[in-house]
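A.B. asks: Sequence and predicted model, in that order:
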Amino acid sequence: MTTGDFAGEFEEVTLPGVDEGEILVIRSTRRKKSISAYRQGGRIVISIPARLSKADERAIVPEMIAKIRSQEESKTPGEADLIARIDQLLTELAPEITERPISVTWRAMRERWGSCTSVDRTIRISDRLKLAPAYALDYVLFHEAIHLQYFDHGAEFTEVLARFEDSELASAYLDGYEAAERALLAPVELEKI
């Protein structure tokens, strides 16, 4: 999808076969030789010279996407790492909770940071936390792990969660992330009445 030319400076193009808005290619008239790729607002943004041929673009863009995703994967804790971290958090902060999760998996979740099913002891963590600071991920892991024993957000749950030292900082990060996501969403066109 071409979104147009911005003052002759660049042109945005979303690649076919990729979720709308996930990958953004910017053809920049200012860029002469270099190509850059980075993550911004949940999208991979690739900036290329405007004069780059379509054939070169088709060859280079997938390579840049692979590099970004590879860098992210190397920084993302795996399931065993997440389970070990939950065990450490519970041992240090809530030793009375003896239940441990059977699995902890990353999931595409846009409305929640995590969820826990205490019946089968599974925890799911939003993939939006993959590159979050450790304290924010730890907060969500600890929060969900507490649900292995306390199913609601009652007084006992709240008392245990309060033991997490950086809870205010983590909450501020998560709230800020959500605010930034909302700000980056495309404006909704209102119907004329």
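C.D. replies: That came through fine.
A.B. asks: Outline the domain layout of this protein.
C.D. replies: 2-75, 79-184 (automatic domain parsing).
A.B. asks: who touches stretch 130-146?
C.D. replies: The contact list for stretch 130-146 (CB atoms under 8 Å, 6 or more residues apart in numbering) reads 39, 72, 75-77, 82, 85-86, 89-90, 93-94, 97, 100-101, 104, 106, 113-116, 123, 125-126, 129, 157, 160-161, 164, 166-167, 169-171, 173-174, 177. C-beta coordinates here come from the backbone N, C-alpha and C atoms, glycine included.
A.B. asks: PyMOL command to pick out the buried ones of the residues you listed?
C.D. replies: Applied in PyMOL, the following selects the buried portion of the contacts of stretch 130-146 according to 16 or more other CB atoms under 10 Å:
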select buried, resi 77+82+85+86+89+90+93+94+97+101+104+106+113+114+116+123+125+126+129+157+160+161+164+170+173+174+177
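A.B. asks: This protein: helices as residue ranges?
C.D. replies: Taking DSSP state H, the helices of the chain run over residues 54-75, 79-93, 134-146, 155-161, 167-184.
A.B. asks: Dead centre of this structure: give me the residue that sits there.
C.D. replies: Centroid check for the chain by CA atoms, centre = their mean gives Arg128 as the closest residue, at 1.8 Å.
A.B. asks: Spit out the contact partners of the closest residue to Ile65 other than its chain neighbours.
C.D. replies: Leaving aside its sequence neighbours, Ile65 sits nearest to Ile44 (CB to CB, 6 or more residues apart in numbering; 5.7 Å). Ile44 sits next to Glu22, Ile23, Leu24, Ala37, Tyr38, Met64, Ile65, Ile68, Arg69 when contact means CB under 8 Å, 6+ apart.
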